[in-house]
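Asker: this one's sequence-less:
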């Protein structure tokens, strides 16, 4: 019985290590953005400019959604302050 738990524990530890290694692949992107911050900002600005020319309705939708999220966040902060 005790042997089974030890074996299972070792298998789970190996699985955890495998998953942590896979997770590193997805979480290391922060370093990329720190190194290439200017390039990322430029690409974002270019995308917005292109969107403004090609599909202004979509841009209005994005801005409206951003405004609504800011407004919602402010309401939540006010509720926290009131408590």
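Answerer: Perfect, thanks for sending it. Values in this document were obtained by computation on a predicted structure and should not be read as measured data.
Asker: let me see the contact set for the residue lying closest to residue 48 once chain neighbours are set aside.
Answerer: Nearest residue to residue 48, sequence neighbours excluded (CB to CB, 6 or more residues apart in numbering): residue 59, at 7.2 Å. Quick note: C-beta positions are derived from backbone N, CA and C, even for glycine. By CB atoms under 8 Å, 6 or more residues apart in numbering, residue 59 lies in contact with 48, 51, 52.
Asker: so can I have TSV of the residues you listed showing neighbour count?
Answerer: Output for those, formatted as TSV (neighbours: other CB atoms under 10 Å):
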residue	neighbour count
48	12
51	14
52	11
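Asker: what's the pLDDT at residue 83?
Answerer: On pLDDT, residue 83 comes in at 66.
Asker: hang on, the earlier thing: tell me which helix or strand the residue nearest to residue 48 sits in.
Answerer: helix 56-82 (DSSP states H and E).
Asker: the spatially most central residue of the chain and residue 57: what is the separation?
Answerer: Centroid-nearest residue in the chain: residue 27, 9.5 Å away (criterion: CA atoms, centre = their mean). In this view, residue 27 and residue 57 are 35 Å apart by CB to CB, to the nearest Å.
Asker: ok, now residue 36?
Answerer: 31 Å.
Asker: for those two, indicate the residue with more neighbours.
Answerer: residue 36 (12 against 8; other CB atoms under 10 Å).
Asker: what about that one, distance to residue 6?
Answerer: 47 Å.
Asker: what's the answer for residue 37, then?
Answerer: 48 Å.
Asker: so where's this structure shaky on pLDDT?
Answerer: Residue ranges of the chain with pLDDT under 70: 29, 83.
Asker: which other helices and strands contact the helix or strand encompassing residue 47?
Answerer: Residue 47 is part of helix 37-54, with elements assigned from DSSP H and E. Helix 37-54 is packed against helix 56-82, with contacts defined by 3 or more CB pairs under 8 Å, 6 or more residues apart in numbering; DSSP states H and E.
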